[in-house]
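I would like to see how this sequence folds:
(one chain, ligands or ions: 1)
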Amino acid sequence: MVSEEELLRRWERTVERLFREGVIRSEAVRRAFLKYPRYLFVQKRHWDYAHVDEPLPIPAGQTISAPHMVAIMLELAELRPGMNVLEVGTGSGWNAALIAELVKTDVYTIERIPELVEFARRNLEKAGVENVHVIPGDGTRGFPPKAPYDRIIVTAGAPKVPEPLLEQLNPGGRLIIPVGGYHLWQDLYVVEKTEGGRIKKKRWGGVAFVPLIGEHGWRE
Ligand code: SAM
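Numbering: from 1, shown residues only. Modelled structure (predicted):
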C-alpha cells in the first residue's frame, strides 16, 4: 500500500498537469483540487489509481468522474463565494466538497442511491467538510426548499433538461448538465437563465456519464 505522502505527491502532479494544460484555468479551482485530493473520496482499494485522469468505480455500480471532467464543469460554472449551489448526483461527495470550497457557504447535493448517501457523508466527514448537505432523493425534481439556485450542476446524463431544474434557477443563473444517450455519449450543456427569464443553451462538447434516473430523467 502506498503512503499518503506518496498519494499526495501523485495528486499534486496531476493537478499541476491539468493546470499547465489549461483544463484547470483558475487559481480558485486549482486550490480547491489541492485541498481535496481525489483519493479521500474513493475506497482504499482504488487509492493507487486516484491520481489517474480517468473515472473510477464507487459503490452501487456508479463512478467518480475523471479529474479533467470535474475541472471542466467547475470552470464552466464560474462559481463565486456566496453562490447558492445545488448538485444533482452526489456519488462520492468529491465534487460537492470542491463546490463548497469555491462558494464558501452551504451546498446542497442530492443522491438517489441510499448506499451512496452514506458513502458520501462518510467521505465528507473524513475530509473535514462541514458545509455540504447530502440529501437522499430524486434530483431531477430539484430541491425546492433551498431554491432558487445561482448554479445547478448535474453529474449524470439526462435525456433532456429537467423542467424543475430550470424553474429552480435564479435569473442570471447557470445550469451545467450532460444531455443525450443512456450509457452512451451525451453533450455537456451550459444552460443560462437570462435576467429576463429566457433560457439560452450552449453546447460544450461530448462527455460520458452514468444515467440520470428519475421522474424527469431516465426511467429505471
Ligand atoms: N458528483 C459525483 C462525485 O463527485 O463523485 C459523481 C457522480 S456519478 C458520475 C452520478 C451520480 O448520480 C450517481 O451516484 C447516481 O446514483 C446519481 N444519480 C443518478 N440519477 C439521480 C437522480 N435522479 N437524483 C440524484 N442522483 C442521481
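
for the spatially most central residue of the chain, give me phi and psi.
Of all residues in the chain, the one closest to the mean position by CA atoms, centre = their mean is N95, 4.1 Å from it. The phi and psi values for N95, taken as degrees, to the nearest 10, are phi -60, psi -40.

distance check, the residue nearest to it when sequence neighbours are not counted against T14.
Nearest non-adjacent residue to N95, counting by CB to CB, 6 or more residues apart in numbering: V70, 5.5 Å away. Every C-beta, even on glycine, is put in place using the N, C-alpha and C of the backbone. Distance, V70 to T14, by CB to CB, to the nearest Å: 12 Å.

how close does L79 get to A208?
23 Å.

settle it for me: which of these two has more neighbours?
Neighbours around L79 and A208, counted as other CB atoms under 10 Å, are more numerous at L79. The numbers are 26 against 17.

need the longest strand for this structure.
In the chain, with assignment by DSSP state E, the single longest strand is strand 169-180.

what are the buried residues along that one?
Going by neighbour count (16 or more other CB atoms under 10 Å), the buried part of strand 169-180 is L169, N170, G173, R174, L175, I176, I177, P178, V179, G180.

now do it: which elements does it pack against?
Contacts defined by 3 or more CB pairs under 8 Å, 6 or more residues apart in numbering; DSSP states H and E place strand 169-180 against helix 67-77, strand 149-154, helix 163-167, strand 186-193.

ok, residues contacting the last one?
To tie it back to what came earlier, the one meant is strand 186-193. 72-73, 76, 157-158, 161, 166, 169-180, 199-209 (CB atoms under 8 Å, 6 or more residues apart in numbering).

what is the burial count for T109?
28.

one step back: chain center to the longest strand of the chain: distance?
Relative to its chain's centre, strand 169-180 lies at 13 Å (CA atoms, centre = their mean, to the nearest Å).

tell me where this structure has helices.
Taking DSSP state H to define them, one finds helices in the chain at 4-20, 27-35, 67-77, 94-103, 114-126, 163-167.

could you list the contact residues of the protein toward the ligand?
62-65, 88-89, 91-92, 94-95, 110-113, 116, 138-140, 155-156, 209-210, 212-214, 217 (CB under 6 Å from any ligand atom).

next step: the residues you listed restricted to strands.
Of the residues of the chain next to the ligand, the ones assigned to strands by DSSP E are Q62, T63, I64, V88, I110, E111.

so what's the fourth one scoring on pLDDT?
Turning to V88, the model gives it a pLDDT of 99.
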